[in-house]
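Engineer: 3D, please:
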Amino acid sequence: MLRTPWNLALLTILVWSIASPVLAVPPEVERAFAEKYPDSDADEWEVDVNGYWEAHFRRNALEFRADFTEDGKWVETERSIEFEDLPDEVQRAIKLDFGEDEIAEIEAVDHPRKGAFFDVEFERPGKNLDIEYKADGQRLESLMDELNEPVGNLAEARKRPEEMGRLELAFEFGFNTLTIFLFAWVIYYRRHHDHKMLYLLLGFNLFLFPIFLLSTSLTAGFGFTIFALLALVRMRSDTFSKTEVAYLLGAVALTFINALVPARVEIVSSAIVLVTAWLGDHPRIWRDAYHSVKIRYRTKEVEKMLDQDYLRQRIAEDFNVEVNEIDIERVAKNEVRLVVLYRDLPDKRKARHEAAKRRLRERRRRRRAESKDEPEKPEVGEKESSSASD
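Structural biologist: The predicted model follows:
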């Protein structure tokens, strides 16, 4: 019977050696480590929680951990450090972004794609928050971090709105006012002349932009809530046309772009919204496009109320239009409710194009006459065509 301490110790070592088999490191992993760090030897190998082979080794009296996949691909190399070991720019950025939040761990990381950065883990209820910083204090954020963390406007400078100078704030407010003016007045109102919709576009942007810009706790995830509320309002209010919905979403997008998107992409993003609205609703570009309209078509031929070919032909003849497709919504006693996608016949479209060209030539002629201070003279053929039309 084993009674002495030495016998118990030997028994413990024997049981541990049997229960803990030595890890057989794949040759590809060992070869990859030797190629990556030829002047170092792995003191220990283990498989981490991600399934990577992790080598523990020392270089210049510092301890490192290098991760490799099963087939020998290098994942990253990391080293645990203290807050005082961080560059001054990173320390400043952490204090600015998170104040005195408790830090669980800091690692200096070398990554094949991201390069060298610092991974700072902050204490949070449940799962801790990991934020990655470059040596100059810039953040490397994932999509979920950007959606759930407060967003500053000038992200590349890591400045909160209250830290901006007068010129910076003037630029933000001025650029937002310029973009919403171009969007709401120049593009929308001059085409549709609906002052109530103009007020809605301007009001949404100008009323909420200061709140979004100056809020230090606003998250980009809050933006999706705004879009959901707008969808609910649309369902419970007067019906919006597809064009109005597109303009309203454009105004919402400009508000968030100018208030939340980093300044380095703010101008480009706003320009994309403006160009899309300008081209997408341009009357000359889409003058030959099909239009959608709901109609109630009466017919006594009950047996053909569901015959789409028959209804398409009858509607084209009765309304003298070119019908692309129809959608039957409801059939009553002597009435069919339809959604018709139509456009004018080719001869009408050609005549409309010619009329537009004549108006354009007339405007150009008037401008030339005004610039030369000459009396207006009708173009050759205009008098005959005008008399013929009369």
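Engineer: now do the contacts for Ser292.
Structural biologist: Ser292 sits next to Val339, Val340, Leu341 when contact means C-beta atoms under 8 Å, 6 or more residues apart in numbering. (C-beta placed from N, C-alpha, C; glycine too.)
Engineer: err, Glu121, not the other one
Structural biologist: Applying C-beta under 8 Å, 6+ apart to Glu121 gives the contacts Ile103, Ala104, Glu105, Ile106, Glu107, Asn128, Leu129, Asp130.
Engineer: which of those count as buried?
Structural biologist: When neighbours are counted using 16 or more other C-beta atoms under 10 Å, these contain these buried positions: Ile106, Glu107, Asp130.
Engineer: confirm that the second one sits in a strand.
Structural biologist: Yes: the assignment for Glu107 is a strand, going by DSSP: H, G, I helix; E, B strand; the rest coil.
Engineer: go ahead and confirm it touches Asp85.
Structural biologist: No: counting by C-beta atoms under 8 Å, Glu107 stays clear of Asp85, with 10.7 Å between them.
Engineer: okay, and Arg124 sits in which element?
Structural biologist: Taking DSSP states H and E as the criterion, no element holds Arg124; it sits outside all helices and strands.
Engineer: per-residue confidence for it?
Structural biologist: Listed pLDDT for Arg124 reads 86.
Engineer: dihedrals phi and psi, it?
Structural biologist: phi -140, psi 150 (degrees, to the nearest 10).
Engineer: gap between it and Leu140?
Structural biologist: Using C-beta to C-beta, to the nearest Å, Arg124 is found at 19 Å from Leu140.
Engineer: who's more crowded, these two?
Structural biologist: More crowded of Arg124 and Leu140, by other C-beta atoms under 10 Å: Leu140, with 16 against 12.
Engineer: quick check: beta-bridge partners of the more buried one?
Structural biologist: Glu132 (DSSP bridges).
Engineer: what does the model give it for pLDDT?
Structural biologist: 80.
Engineer: isn't it up against Val120?
Structural biologist: No: judged on C-beta under 8 Å, Leu140 makes no contact with Val120 at a distance of 11.0 Å.
Engineer: who touches both of the two?
Structural biologist: Contact criterion C-beta under 8 Å, 6+ apart; residues shared by Leu140 and Val120: Glu132, Tyr133.
Engineer: helix or strand next in line after the helix or strand of the chain with the lowest mean pLDDT, which one?
Structural biologist: Sorting the helices and strands of the chain by mean pLDDT, DSSP states H and E puts helix 143-148 at the bottom, at a mean of 43. Reading on from helix 143-148 to the C-terminus, the next helix or strand found by DSSP H and E is helix 166-181.
Engineer: name the helices or strands packed onto that next one?
Structural biologist: Helices and strands touching helix 166-181, as assessed by 3 or more C-beta pairs under 8 Å, 6 or more residues apart in numbering; DSSP states H and E, comprise helix 195-214, helix 242-260, helix 263-280.
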